[in-house]
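> sequence and predicted structure, then a few things I'm wondering about:
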Amino acid sequence: MQSIEKLITSIDDPQLWKSKPASDEEIRQAEAALSVPFPPSYRAFLSLYGAISDVDSLISGIVNNAPLDPGGGSVVFDTMRFRKEWHLPDHYIVIQPDEDAPYCLDTRTRDATGEMVVVCYELHSEHAGVIATSFVDWLEKFFCLNRNTNEQ
């Protein structure tokens, strides 16, 4: 498994936008708003990039050092919006919003290292399928790999 920095650096996309790195206090504010500590790999992502996006998708996080900002791209806002509009179960944290099937951290699955599996939650059927063992595993398999494959 590659490091988060290596994975993000491997994306050769001039349209990739990176927010500002989030501080520990900003990460704690987001965790408090969602009543759950984030897994280590997602915390590392937030402290390095805050949030990122390209033309096709984004990874929710902390945008421009404002963890409680009510705008798209915020892990707090995106999660709360899906909970309100789609009755997303409280144990899911949205890391990539999608109007049909957002990718979410499943807070019920914390392992010994603090990592959580990533699920794809189908809004209409309310089915959740595990697609990655951790945030960094998901980042490598679904976010970075797809971008690098599409460019070839």
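In hand now; what should we look at? Please read all numbers here as calculations on a predicted model, not as lab measurements.
> what about the closest residue to Ala132 other than its chain neighbours, how many neighbours?
Computed as Cβ to Cβ, 6 or more residues apart in numbering, the closest residue to Ala132 that is not its neighbour in sequence is Trp138, at 3.6 Å. Glycine gets a C-beta too; all of them are placed from N, C-alpha and C. The criterion is other Cβ atoms under 10 Å. On that basis, Trp138 has 25 neighbouring residues.
> could you pull out the strands in this protein for me?
17-18, 52-53, 58-59, 92-96, 103-106, 118-122, 127-132 (DSSP state E).
> what's the closest of those strands to Leu68?
Each of these was scored for nearness to Leu68 using Cβ to Cβ, and the closest is strand 92-96 (14.8 Å).
> pull the distance from that closest one to the chain's centre.
Average the C-alpha atoms of strand 92-96, do the same for its chain, and the two points are 6 Å apart (Cα atoms, centre = their mean, to the nearest Å).
> likewise for stretch 6-20?
Distance, centroid of stretch 6-20 to centroid of chain: 15 Å (Cα atoms, centre = their mean).
> what does stretch 121-141 give?
Relative to the chain's own centre, stretch 121-141 is displaced by 11 Å; criterion: Cα atoms, centre = their mean.
> with stretch 58-76 instead?
Mean-position distance between stretch 58-76 and its chain equals 10 Å (Cα atoms, centre = their mean).
> contacts made by that stretch with the rest, please.
By Cβ atoms under 8 Å, 6 or more residues apart in numbering, the residues outside stretch 58-76 that reach it are 19-20, 22-23, 26-27, 29-30, 33-34, 45-46, 49-53, 77-79, 93-97, 139, 143.
> many thanks, I have nothing further to ask.
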